[in-house]
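Visitor: heads up, no residue letters with this:
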């Protein structure tokens, strides 16, 4: 994506995941808001040009698949710090999922497992490369955990797919985590 689309996408993520009140929109219990209202208030507040075509460009050009348009509503697919319910029903996860993080956070994760911290869910990636991309946001040389997702599910952990190669779970105990190497090693 070009820089303009990246900037708009990040700003839209801020609104739909963390601060809808910033532009005066409200989210329903699943994180959805009226698309036309969002476009109007986003453009007035940020004085950026956001319309349906720009949204379509962001959604088709980004490999992150952060947003979903459902009828006359839009929502962030994952990553909320405001409380929202998952839209996808629970499902048995793949055998392995992955989580990228900083060395500082890994010290606590090794002892306590994965916890949602300031979000509603822990976010897990379907592949090592994606976990690495998430991890480098927090540490130039991130720690990557391989998560024994099916084994965790067998003990009662509930997994929610997002439809964008990200899975949500309330927590993962340390017994299901193994540090693994980066995709570049």
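Guide: Yes, it's here. Keep in mind it's a predicted model, so treat the numbers as computed, not measured. Residues are numbered from 1 along each chain as shown.
Visitor: double-check that residue 150 belongs to a strand.
Guide: No: under the criterion used here (DSSP: H, G, I helix; E, B strand; the rest coil), residue 150 is helix, not part of a strand.
Visitor: and for it, nearest residue in space, chain neighbours not counted?
Guide: Nearest non-adjacent residue to residue 150, counting by C-beta to C-beta, 6 or more residues apart in numbering: residue 95, 5.0 Å away. All C-beta atoms are positioned from the backbone trio N, CA, C, and that covers glycine.
Visitor: so for the one you found, what's the pLDDT?
Guide: As predicted, residue 95 sits at a pLDDT of 98.
Visitor: and if you look at residue 150?
Guide: 97.
Visitor: that one touches residue 94, doesn't it?
Guide: Yes: look at residue 150 against residue 94 with C-beta atoms under 8 Å: they come within range, at 7.3 Å.
Visitor: and residue 6, which of the three is it?
Guide: helix.
Visitor: how near is it to residue 54?
Guide: Distance, residue 6 to residue 54, using C-beta to C-beta, to the nearest Å: 12 Å.
Visitor: the two: who's more crowded?
Guide: residue 54 (17 against 13; other C-beta atoms under 10 Å).
Visitor: how many residues are close by the closest residue to that one other than its chain neighbours?
Guide: Spatially, and ignoring its direct neighbours in sequence, residue 54 is nearest to residue 8 (6.4 Å; C-beta to C-beta, 6+ apart). Residue 8: 20 surrounding residues under other C-beta under 10 Å.
Visitor: one more: the one 10 residues further on?
Guide: The criterion is other C-beta under 10 Å. On that basis, residue 18 has 16 neighbouring residues.
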